[in-house]
Each structure stands twice: as C-alpha cells, then as structure tokens.
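Novice: Have a look at this fold, sequence not included:
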Ligand SMILES: [Zn+2]
C-alpha cells in the first residue's frame, strides 16, 4: 500500500488541499470517497487550480481493518513525541511509530513548498454511531469559509479533551486543519457525504469552477438535508474518560447531539451505572470497543454565549 493514494496538480496556481484518510484504520470511507473524487476529476477532465493530494494515515491498521494496532495514531501528535519518533528511526517500538514518522515526513515535505498561499488539511473520519456528521476544529478557525460551506455541525473546544490529534498539531503549525466526520463506518452514505464535502471544499477554495461542476449543486442539497435538524455550532464541556479494563458499555439507542438531562443513565462499567453529570447534548457515544474517549457532553452555542466568548 502506498502512503500517497493519489495526487493531482492543476496547470494553474491555487491552494494545496491535503486529505488524510484512514488515520483510524477501520475508517476507510474517506479512502473510498477520495478514490471516487480523483477518478471523476480525471474522467470529467475537471481543471483544478492548485493541488489535491490524498495521504493514507495508518497503513498497517488499514491493512488489518483495525482502528489502531499498538496505539491510537490520532492521539500521538504531541510535539515531544513527534520529535522523538523523528530522531529514533531505528529504535521505534510500536507499529504506529513508523506510521507517525512517515506521515509526519510526508506532510511536512508538502507544507515546506512555497508554491501555495493557502494550505488546508482535511482529516477524514467515520464514526460508529448514527448522526456522525460533523466538523472538529479549534474555535479560532471555526468560522473559516470552507468550514461554513460544509453546512455540518461544528464542534469546538475538543482540543481541551483530546490531546495529540493530527489536526491540532498542524493547526499549531499554521495550517487550516479540521476533522471531517462523514458518518457511519462502512456506509455508502458516509462515502457520499465525504465526497460531497470534498467537492464543496474544492469549490469554496476556488480550485474548481462552480459552473463547470454539477456535482457541487447536487451535493450542497444533500449536505443541507442531513444537517438541517442538527445544531450548527457546539462547544465540548465534559468528557467521560474510559480505560480498557473499565468494561464500559454505552446504553444503546443514543445518537450524536441528542439532549440528555443531568442524572440520566448513559452507560455502565464495572464500577456501576454512569449518569450524565450535567444537562447537555451527548456527543460521539462509544459504540466501538477500542479507544478511551467514552462520551462527551457538548452545549449548543447560542447568540449570547457567542458574544461573551468573543469579548
Ligand atoms: Zn476516526
């Protein structure tokens, strides 16, 4: 398996869009979506202004259809650890060390080029729960035109709870970076949503001509239909952390952004029932058996709160 899935540079100058697909090896919908996009760009002879490249995340985990082998590759992007792995090529212990090292080198090499004024990194994910369509981005970039054009719920403040994500690492290094969650793992809908979103990104970045591309109109409607009943921007304020030995099981039936009341039974583990510590919207229920994230509570940002935040 090649680290670079595909790569097209247009004849004219323009932004660099880096798609990262499969940083979680079982979330392959982003890979399928990217393949479709590149195929259509070639088939329909779409003229790109700028460069679109798709890089595969965790090759070894993709090959075994697992989220990760030794550790979660999307929790390892901490400055010290990235530097350590870069220096100690021969002594790398875990499967993910090699992935981290290669991915870091590949992306840094792309970013070092001064050909592109605008550089955008889109980290494609899928989830194990319904209503899994959303954007994760630090608050400072939450109103970026590309993010707004996706018409999906935007989740801010996740970096307070999730350390070492790829998006935060590159955001810190000056690249517009966000996670784009396309929906249910393995579903056709998630592939289509990712595909539609990528067309939107190319259109909003000015890399394709809107008039030349019926795909954009078609998909805009689809995106709006999906996100109509969802909040437009939410802020994370609580995470229930899970250890593997906790035997954590989420109560079935929850979907993302569903309202929960303080004291509501949400999950169980070997220590007993787990109740909602506050009223809010539940986010990313863990209906999967690996990872430490448990569940989050988020709150919808209303106008007054937004004003306060920006003061
Ligand atoms: Zn993921």
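Specialist: That came through, no problem. These figures come from a predicted structure and were not determined experimentally.

Novice: What parts of the protein come near the ion?
Specialist: 24, 27, 125 (CB under 5 Å from the ion). Every residue, glycine included, has its C-beta placed from N, CA and C.

Novice: which residue sits closest to residue 149, ignoring its sequence neighbours?
Specialist: residue 204 (4.1 Å; CB to CB, 6 or more residues apart in numbering).

Novice: now the strands for the chain?
Specialist: Secondary structure of the chain (DSSP state E): strands at 4-9, 12-21, 49-56, 119-127, 133-136, 154-156, 176-184, 233-240, 249-250, 258-260, 265-269, 272-275, 280-283, 295-300.

Novice: contacting residues around residue 178?
Specialist: 121, 122, 123, 135, 136, 137, 141, 147, 167 (CB atoms under 8 Å, 6 or more residues apart in numbering).

Novice: Now rank those by neighbours and give me the top one.
Specialist: residue 167 (28 neighbours; other CB atoms under 10 Å).

Novice: Is the residue of the stretch 51-200 of the chain found nearest the ion bridged to anything, and to what?
Specialist: In the stretch 51-200 of the chain, no residue comes nearer to the ion than residue 125, which is 3.4 Å away by CB to the ion. For residue 125, the beta-bridge partners are residue 181 (DSSP bridges).

Novice: Surely it and residue 184 touch.
Specialist: No: taking contacts as CB atoms under 8 Å, residue 125 lies outside contact range of residue 184: 11.4 Å.

Novice: of the two, who's got more company?
Specialist: Each of residue 125 and residue 184 has its neighbours counted (other CB under 10 Å); residue 125 has more, 25 against 18.

Novice: can you list the domain ranges for the protein.
Specialist: The record's domain parsing of the chain by automatic domain parsing lists 4-227, 233-310.

Novice: Find the least confident helix or strand in this protein, judged by mean pLDDT.
Specialist: helix 303-310 (a mean of 44; mean pLDDT, DSSP states H and E).

Novice: Per-residue pLDDT of residue 229, please?
Specialist: On the pLDDT scale, residue 229 is placed at 72.

Novice: and it, how many residues sit next to it?
Specialist: For residue 229, using other CB under 10 Å, the count is 8.

Novice: if I look at it, how far off is residue 250?
Specialist: Counting by CB to CB, to the nearest Å, the gap between residue 229 and residue 250 amounts to 22 Å.

Novice: do residue 129 as well
Specialist: Residue 129 sits 9 Å away from residue 250, going by CB to CB.

Novice: Next: residue 97.
Specialist: For residue 97, the distance to residue 250 - CB to CB - is 31 Å.

Novice: Over to residue 23?
Specialist: Counting by CB to CB - residue 23 and residue 250 are separated by 23 Å.

Novice: just residue 161 next, same as before
Specialist: 17 Å.

Novice: So between these two, which is more surrounded?
Specialist: residue 250 (22 against 15).

Novice: My read is that that one contacts residue 267, right?
Specialist: Yes: Residue 250 lies in contact with residue 267 (CB under 8 Å); the separation is 4.7 Å.

Novice: Now do the shared contacts for those two.
Specialist: residue 295.

Novice: so who does residue 10 touch?
Specialist: Contact analysis of residue 10 by CB under 8 Å, 6+ apart lists 47, 48, 49, 50, 51, 207.

Novice: gap between the last one and residue 46?
Specialist: Separation of residue 207 from residue 46 (CB to CB) stands at 9 Å.

Novice: Looking at the two, which is more packed in?
Specialist: It is residue 207, of residue 207 and residue 46, that has more neighbours when counted by other CB under 10 Å, with 23 against 20.

Novice: Distance of residue 24 relative to residue 125?
Specialist: Counting by CB to CB, the gap from residue 24 to residue 125 is 6 Å.

Novice: and if you look at residue 53?
Specialist: Shown here: residue 53 relative to residue 125, a distance of 18 Å by CB to CB.

Novice: Check residue 158 too.
Specialist: Taken as CB to CB, the span from residue 158 to residue 125 is 12 Å.

Novice: again, but for residue 59
Specialist: 17 Å.

Novice: Residue 90 too?
Specialist: For residue 90, the distance to residue 125 equals 32 Å [CB to CB].
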